[in-house]
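Visitor: I need the structure of the sequence given here:
(chains A and B)
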Amino acid sequence: MTASLRLRAGLVSIVLLVAFLGVWHLAVRSSAPVTTMSPEYAKLMGLTATQGKSAMPGPFDVGAKLWEHVKSPFYDNGPNDKGLGIQLGYSIARVGTGYLLAVLVAIPLGFLIGMSPLLSKALDPFIQVLKPISPLAWMPLALYTIKDSSISAIFVIFICSIWPMLLNTVFGVASVRKEWINVARTLEVGTIRRAFTVILPAAAPTILTGMRISIGIAWLVIVAAEMLVGGTGIGYFVWNEWNNLSITNVIIAILLIGVVGMLLDQILARFTRMVTFPE
Amino acid sequence: MTDKFVSIEAIAKRYPGAGGVTTTIFENLWLSMARGEFACVIGHSGCGKTTVLNILAGLDAPSEGAVIVDGQAISGTSLDRAVIFQSHALLPWRTVLGNVAYAVSSKWRSWDRARVKAHAQTFIDLVGLTGSEHKRPSELSGGMKQRVGIARALSITPKMMLMDEPFSALDALTRGTLQDEVRRICLETGQTAFMITHDVDEAIYLADKIFLMTNGPGAVLAEVVENPLPRDRGRIDLHRHPLYYALRNHIVDFLVMRSKTFAAETPGHDPRNVPVVRIGKPGLTIASDAKSEPLNETSWPGLARPSTSS
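Guide: Residues are numbered from 1 along each chain as shown, chains lettered A, B, ... in the order given. Predicted coordinates:
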């Protein structure tokens, strides 16, 4: 039953994909009337004017270009022409660094806040104000103080991924069942051992959920951040290709951003499943 | 004075309520138990039974008064006093063995893994869970979970066991089996046990002493009923004992009627010297028993016949 359901769902997915590609292909077929012009002028105008080709690339154009990128993902022809693998690598490295720093701060801090009602109440107003700030709003401040665009991007990732993790850790730690704490208390388990043997495993599913939300947000934000700071990264690539008017490359980048985001989410989902316990 | 293993002395519990009014759950509560004794507390919800147990466990602190166990005033929790929780409170991310081993390694920090495991296994076997060591709590039935809770409590070889309605969430059949087990284990190991229950029959079967508490707030320990049934009582012929119904009626009467009115009707009640009720022993009959004598006569045929229980 489940196998057949998966089979049918897969089939529907493929049908939808084919239908989408078909509609796309038909929609971008030649449309505009062809005007006659001198050959020199035609060179400047491009295929849209000379052959009535749509400015929007079709699925076959994108497919062919994607295949080129896949064949040589790591070429480096100077600052404005690097392989997609390199660009994605820069983005993933920035997200990874900012995110790991956020993990290192958010989880211990969340533990402390969650275990102390005083800290929880005292820090709540700060968290409530800082949390809704768009991470990009920090960018000028970061650029001014850090004076390094690459590190500023990492800082922006750090600041955007810290809140979901911090809040989920606080919530997870504060809502560990009283009876589990009482078990540890009646067994005279010390604070440190209690934190690692009772509170951490009990709060782990909630913490991991926060980490999963954070990685999603971090990946959303890196594209925008790199558009601002420039230089390297998939976000810069998108903006650069827009300036080159290469819609094909923009579409490919969009597709890859989606795929990488999905993979990051799946990795965290797997970790979440590992620490989830049935009750 | 000589054999007071547990002595609760003048404890009170108050909570600050809304508008500066403090709510007193109970005050000036005195209670004592001898070593190896099995005591049950019966009372309606809200009378502070669980609070008394939590104070005894060290999970809660009294607003006034002190608790002395084995000659020492308690402060906080202790591995000497094991708690069996109503909701079993197993750690769901650990296996059966893991849950018991957690307690064992908490008591004996220096033991190596093999020794902890062997010790935990003994107690898993004791409660009849051999073969389920590697199951998670979610894979166990309610009764099996509570068995793990009992094994965990026993594995640290405590001086006394505290049980907060340990069987109330179980079906009647499982409850019966577990009561038998707990009784057997407590008798074998000479455990001192303090149990909260709502179940009158459970109290009669298990307890040596039954503490009756009046309704809260302002609950008091009204009476200490000594169980007249022999120590080696059996579940099967328990109800045939000539004093069984007298005891049962006394407790039920208390719960149904006197628990509400006790405080008003007994102005001279001395919480320090709570009357001890010995059912069926001449010279110590109490007022409520005397009044309901004719009624008891008719519904109590066992009294006329010689005792059938040994």
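Visitor: so for the longest helix seen in chain A, what's the average pLDDT?
Guide: Across chain A, the longest stretch assigned as helix under DSSP state H is helix A:84-115. In this model, helix A:84-115 carries a mean pLDDT of 95.
Visitor: do the same with stretch A:142-159
Guide: Mean predicted confidence for stretch A:142-159 is 92.
Visitor: Now it: buried residues?
Guide: Judged by neighbour count using 16 or more other CB atoms under 10 Å in any protein chain shown, the buried positions of stretch A:142-159 are A:142-143, A:149-159. Every C-beta, even on glycine, is put in place using the N, C-alpha and C of the backbone.
Visitor: Which pLDDT value goes with residue 188?
Guide: Answering for chain A, as no chain was given. pLDDT at A:Glu188 comes out at 92.
Visitor: meant chain B actually
Guide: Looking at B:Glu188, the pLDDT reads 85.
Visitor: do you know how far it is from chain A?
Guide: 23 Å (CB to the nearest CB, to the nearest Å).
Visitor: What strand or helix carries that residue?
Guide: According to DSSP states H and E, B:Glu188 maps onto helix B:172-189.
Visitor: which ones are touching the closest residue to B:Ser138 other than its chain neighbours?
Guide: Spatially, and ignoring its direct neighbours in sequence, B:Ser138 is nearest to A:Pro278 (4.1 Å; CB to CB, 6 or more residues apart in numbering or on different chains). Residues in contact with A:Pro278 (CB atoms under 8 Å, 6 or more residues apart in numbering or on different chains) are B:92, B:136, B:138.
Visitor: any idea how far chain A is from the first one?
Guide: Taking CB to the nearest CB as the measure, B:Pro92 falls 5 Å from chain A.
Visitor: got it, and the second one?
Guide: Shown here: B:Arg136 relative to chain A, a distance of 7 Å by CB to the nearest CB.
Visitor: Show me what secondary structure element comes after the longest helix of chain A.
Guide: Trace forward from helix A:84-115 with DSSP H and E and the next one is helix A:117-130.
Visitor: Need the CA coordinates for that next one. CSV is fine.
Guide: Output of helix A:117-130 as CSV, limited to C-alpha atoms (Å, rounded to 0.1, in the frame of the first residue of the first chain):
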residue,chain,number,x,y,z
PRO,A,117,14.0,31.9,35.4
LEU,A,118,15.8,35.1,36.4
LEU,A,119,18.0,35.3,33.3
SER,A,120,15.0,34.2,31.2
LYS,A,121,12.9,37.1,32.4
ALA,A,122,15.8,39.6,32.3
LEU,A,123,16.9,38.8,28.8
ASP,A,124,13.5,38.4,27.3
PRO,A,125,13.0,42.0,26.2
PHE,A,126,16.3,42.1,24.5
ILE,A,127,15.6,38.9,22.6
GLN,A,128,12.1,40.1,21.7
VAL,A,129,13.6,43.3,20.2
LEU,A,130,16.6,41.8,18.4
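Visitor: what's the angle from it to helix A:84-115?
Guide: 140 degrees (axes from the mean of the first three to the mean of the last three CA atoms, to 10 degrees).
Visitor: what's helix A:117-130 in contact with?
Guide: A:112-114, A:163, A:166-167, A:170, A:174.
Visitor: Could you save those as a markdown table and add columns showing distance to chain B?
Guide: Below are the contacts of helix A:117-130 laid out as a markdown table (distance: CB to the nearest CB, whole Å):
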| residue | distance to chain B |
| --- | --- |
| A:Leu112 | 23 |
| A:Ile113 | 23 |
| A:Gly114 | 18 |
| A:Trp163 | 27 |
| A:Leu166 | 23 |
| A:Leu167 | 23 |
| A:Val170 | 20 |
| A:Ala174 | 18 |
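Visitor: show me where pLDDT drops low in the chain?
Guide: All of this refers to chain A. A:1-2, A:30-35, A:46-52 (pLDDT under 70).
Visitor: ah, no, chain B please
Guide: Using pLDDT under 70, the flagged stretches of chain B are B:1-3, B:281-310.
Visitor: which bits of chain B sit near chain A?
Guide: B:57-59, B:76-79, B:81-83, B:85, B:87, B:89, B:91-93, B:102-103, B:106-107, B:136-138, B:156 (CB under 8 Å from any CB of the partner chain).
Visitor: Just the ones of those residues in helices?
Guide: Reading helices off these with DSSP H, I get B:57, B:102-103, B:106-107.
Visitor: what about burial for those residues, which qualify?
Guide: Counted by 16+ other CB under 10 Å, those give B:57, B:102-103, B:106-107 as buried.
Visitor: biggest separation within these, which pair?
Guide: Distances among these were taken as CB to CB; the most separated pair is B:Ala57 and B:Tyr102, at 17.6 Å.
Visitor: Spell out the residue ranges of the strands in the stretch 101-250 of chain A.
Guide: For the stretch 101-250 of chain A, no strands are identified by DSSP state E, counting those that start in this stretch.
Visitor: Quick check: residues of it near chain B?
Guide: Within the stretch 101-250 of chain A, the positions lying close to chain B (CB under 8 Å from any CB) are A:177, A:179-180, A:182-183, A:185-189, A:197-198, A:201-202.
Visitor: Most neighbours among these, please name it.
Guide: A:Thr186 (28 neighbours; other CB atoms under 10 Å in any protein chain shown).
Visitor: That residue and B:Gly76 touch, don't they?
Guide: No. Taking contacts as CB atoms under 8 Å, A:Thr186 lies outside contact range of B:Gly76: 9.9 Å.
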